[in-house]
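Visitor: Need coordinates for the following:
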Amino acid sequence: MTDAAYLLVHEDREYLLEPGEEFGTDLGVLDVPEDVADGDTVETHLGTEFEVRELRGPDLFNHLERTGAPMMPRDVGLVMGHTGVAGGDRVLDAGTGTGILAAYLGRAGADVTTYEIDPDFADVARGNMTTAGVADRVDVRTGDLTEELDALADEEPFDVLTLDTGDAPAVVERANDLLASGGNLAVYSPFVEGTREAALAAREAGLEGVETLETIQREMDFSDRGSRPSTAGVGHTGYLVFGRRP
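Guide: Residues are numbered from 1 along each chain as shown. Predicted coordinates:
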């Protein structure tokens, strides 16, 4: 991976900073050395110590610049688990947004080509890939993937296809043209209508093992009175469609 930013942590404070960066806080000014490394300690000019930590996957969700609602870690985990993405895989992604999924995939060692239709969002995502240390693995392209399908179908096939766009069903229809034999598809949608269309398109395309999951996760509360799932929040984030090219 390329050089990434680091987390500087003091108690409940976390700052995402790059080597050589100077940053002012109410605890003093942090001057991050150019040769800073994981496990170092950096003091502010007032003597407050911050522990230096290497950026990890969960930190991406908390600290990357956002352009909207990013994919939740629970959904990222399901995508990676069900597609089996691994180092050296070629991934085609659409709906980059903040780039959380693309960054995770890149940090897993995959080479990712991701499309974002909004130029401003794409610029932010490119910066986030640099922060995450995967700018050499993740190619953020500005454009509509549906307009590039013919050209991409003529290239080397992809091992994984991940989609988070409203027009995902149109791309799923071309899954056999884009995926290598045995390649995996994952489609995320916050709405059931688009999910149904994607699932039907996957079956029409002849993909194997097509399944649709709703992501629900609840925190547990433990008290002297007893233990139970938290009543705060619905716990639903979205729907995921998976399939595999024969």
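
Visitor: Please name the residues that touch Val91.
Guide: Shown in contact with Val91 (C-beta atoms under 8 Å, 6 or more residues apart in numbering): 85, 105, 110-114, 158-162. For every residue, glycine as well, the C-beta is placed using N, CA and C.

Visitor: ok, the most centrally placed residue in the chain to Glu116 distance?
Guide: By C-alpha atoms, centre = their mean, the chain has its centre lying nearest to Leu101, at 1.5 Å. As judged by C-beta to C-beta, to the nearest Å, Leu101 and Glu116 stand 12 Å apart.

Visitor: likewise Ala151?
Guide: 17 Å.

Visitor: the more surrounded of the two?
Guide: Glu116 (28 against 8; other C-beta atoms under 10 Å).

Visitor: correct me, but that one touches Thr98?
Guide: No: applying C-beta atoms under 8 Å, one finds Glu116 not in contact with Thr98, separated by 9.8 Å.

Visitor: Now do the domain split for the protein, please.
Guide: Following automatic domain parsing, one gets these domains for the chain: 6-55, 59-244.

Visitor: Single out the most deeply packed of these.
Guide: domain 59-244 (a mean of 18; mean count of other C-beta atoms under 10 Å).

Visitor: Could you give the bridge partners of His236?
Guide: Beta bridges link His236 to Ile216, judged by DSSP bridges.

Visitor: what ranges do the helices span in the protein?
Guide: 57-63, 73-83, 100-107, 119-132, 149-153, 168-172, 175-178, 192-204 (DSSP state H).

Visitor: quick revisit: the residue nearest to the centre of the chain and Arg228: what is the separation?
Guide: Taking C-beta to C-beta, one finds Leu101 at 32 Å from Arg228.

Visitor: pLDDT score assigned to the spatially closest residue to Glu173 that is not a sequence neighbour?
Guide: Spatial nearest neighbour of Glu173, excluding adjacent residues (C-beta to C-beta, 6 or more residues apart in numbering): Ala201 at 5.2 Å. On the pLDDT scale, Ala201 is placed at 98.

Visitor: Please look at Ala201 and Val172 and confirm they touch.
Guide: Yes: look at Ala201 against Val172 with C-beta under 8 Å: they come within range, at 4.0 Å.

Visitor: quick check: longest strand of the chain.
Guide: Ranked by residue count under DSSP state E, the longest strand found in the chain is strand 179-189.

Visitor: pLDDT averaged over that one - what is it?
Guide: Here strand 179-189 scores 98 as its mean pLDDT.

Visitor: and that strand, how far out from the chain's middle?
Guide: Centre-to-centre, strand 179-189 and its host chain are 16 Å apart (C-alpha atoms, centre = their mean, to the nearest Å).

Visitor: who's in contact with it?
Guide: The contact list for strand 179-189, computed with C-beta under 8 Å, 6+ apart, reads 71, 75, 79, 82-85, 157-164, 168, 172, 175, 195, 198, 202, 207, 238-246.

Visitor: on that earlier part again, in strands only, show me the contacts of Val91.
Guide: Using DSSP E, these in strands are 111-114, 158-162.

Visitor: out of these, who's nearest Thr41?
Guide: The closest of these to Thr41 turns out to be Val112 (C-beta to C-beta; 34.3 Å).

Visitor: Give the full set of residues in contact with the closest one.
Guide: 91, 93, 102, 105-106, 134, 137-139.

Visitor: how far away is it from Ala94?
Guide: 11 Å.
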